[in-house]
Structure formats: structure tokens, C-alpha cells
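> Quick one: sequence plus predicted model below, questions after.
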Amino acid sequence: MDEHATVTDDLNILLGGNDGIPEETFQLVTANSEQFRTQDQELSSPNVPYTLSLRRKDFDTDRELNMFVKSCERLIRMSPEYRIWADYIREVLGYNICEITGELHAHTSVDIHHHPFTLWAIVKSTILKKSSSDQEFCSYDISEEVIQLHYDLKVPFCLLISSLHDKFHNGFLQIPMEIVHGDIQHLLQNNLGFLEDSEVESITARLGITRANCGWTNGYRWIETPRE
């Protein structure tokens, strides 16, 4: 039996048999499909020299890397797994109060702020760690690994109302490490070394901020949360 004819017959059945697509259209689709091939998540064609791979090992430019980091960060924040994790942190573990003002998430927006590592730094260092060991990855691999770190509570964080969250990222708020929760050592030991010197300096500086030297002379008061 002609193998090509058998495959063609099988495809025709899947696409609707005698009542499916017109024969001339079907033949065109079949002919077009022979112009490319795929193996191990790599798409190629005998007509072009370029092979498209699902995964990669590095980047040609810093701009390309930064765009990839941004895409991963967006995937993480928009994922149902991240949303469920945030809900669990607030509603089950009870981290639903701004660590500075004492305001409740039920009354205003209280954000989960990654500190002293930003989510950007966590994603970037995860990518560079894989790249340095010649591992292949795609944005979904990176996003899954970073979300797993969240579920293992290996991502330190604190709770801030949105306005103070903005104030920190605008450079006008120092956050004392006493109000940070989660495992700090994991990222320090496994990710810090893959970041640029300026990023390491920024994280190191944040680690040195305490209640004694954060510079809050007035305007805020320390609050005691029920879990403490």
C-alpha cells in the first residue's frame, strides 16, 4: 500500500471525509505541509537555512534579553497560579495589612512587594543562571520556575499600600528588612551572583536598611499585626 496515500486518506477523514474540505484545497494543504518539518520543538524547511526553535540558550543583545525578561514578568503576573498564590498569602496566611500604615487590603489596595529582589531581578537572574550553564529555556520554563519559587516561599516580600509601593519604586522610601517575609538566603546564594554589579549593589544596600536607619523620623508609625 502507498504510504503517502494512507496518510492522505487519514488526514482526509480527520478533516471531514467526503463532506470535508474540497479536494483541490486538501491537496494544496498537503503539498504545503511538505515544505516544512519539525523535530524536538524545532521547526525547519528545506527551502530556508534558518531553524526556529522553541527554546534558546542566550541572547544576541541586552535589549533582546530585557524584552524577554519583561515578557516573562508579564506571564508570571498574569498567570492564575500567581493570582492564587497572592490570594493565599493574603487570605489564608493573613498577610493582608500594610506593614507600615496598618491599613487593610479590604479597605484599600495593599500590594505584595518583592524585596530586596524585585521580580525583574528574580526573573533575570533565573534566565542568566540557565544561560551560564548552557541550558535551553523558553519564557514558559522561566515563568514556571519563578512561580515555583513563590510557592516554596523562596521569594522574600512585604505588604505595602499602593501609594507607598509607588513611593519606593520612585526612590523615596526605605524599607526596613524587619518587615520582609520569606526565605532571603535562597536567592542570595543561588541568584545574586548572576546579576550585574549595579543590581547587586542595589540589593545589598536594601539588605542594610533596618528600623534604626530607614530615616523615618515622622509621618509613619510602627504597627503590630495580629500574626506577630
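The structure has been received and is ready for your questions. Only a predicted model underlies this, so the values are computations on that prediction, with no experimental measurement involved.

> And the contacts of stretch 137-145?
Applying C-beta atoms under 8 Å, 6 or more residues apart in numbering, the external contacts of stretch 137-145 come out as 54-57, 68, 71-72, 75-76, 79, 123, 126-127, 130-131. No exception for glycine: its C-beta is placed from N, CA and C like everyone else's.

> Closest one of those to residue 190?
residue 126 (9.2 Å; C-beta to C-beta).

> From residue 96, how far off is that closest one?
To residue 96, residue 126 is 28 Å away according to C-beta to C-beta, to the nearest Å.

> Just to check, residue 119 is in contact with residue 73?
Yes. Using C-beta atoms under 8 Å, residue 119 is in contact with residue 73, at 5.7 Å.

> if we can go back for a sec, show me which of residue 126 and residue 96 is the more surrounded one.
The residue with more neighbours, out of residue 126 and residue 96, is residue 126; 23 against 18, by other C-beta atoms under 10 Å.

> Residue 204: neighbour count?
Residue 204 is flanked by 12 other residues according to other C-beta under 10 Å.

> and the gap between it and residue 90?
Noted for residue 204: a distance of 29 Å to residue 90, by C-beta to C-beta.

> just residue 111 next, same as before
From residue 111 across to residue 90, the span is 10 Å (C-beta to C-beta).

> what's next to the helix ranked longest in the chain, contact-wise?
Assignment by DSSP state H gives helix 62-78 as the longest helix of the chain. Contacts with helix 62-78, where a contact means C-beta under 8 Å, 6+ apart, come from 59, 82, 119-120, 123-124, 127, 139-140, 142-143, 146-147.

> hmm, 10 Å instead?
Outside helix 62-78, the residues that touch it by C-beta atoms under 10 Å, 6 or more residues apart in numbering are 56, 58-59, 61, 82-83, 85-86, 118-128, 131, 137-147, 150, 196.

> out of the residues you listed, which are buried?
Buried subset of the contacts of helix 62-78 (neighbour count, 16 or more other C-beta atoms under 10 Å): 59, 82, 85-86, 118-119, 121-128, 131, 137, 139, 141-143, 145-147, 150.

> Run through the helices of the chain in chain order.
Remark: helices assigned in the chain by DSSP H are 3-14, 23-33, 62-78, 80-87, 119-132, 139-151, 162-169, 185-190, 197-207.

> Only the buried residues of the last one, if you could.
In this case it means helix 197-207. Neighbour-count burial for helix 197-207 flags 199, 202, 203, 206 (criterion: 16+ other C-beta under 10 Å).
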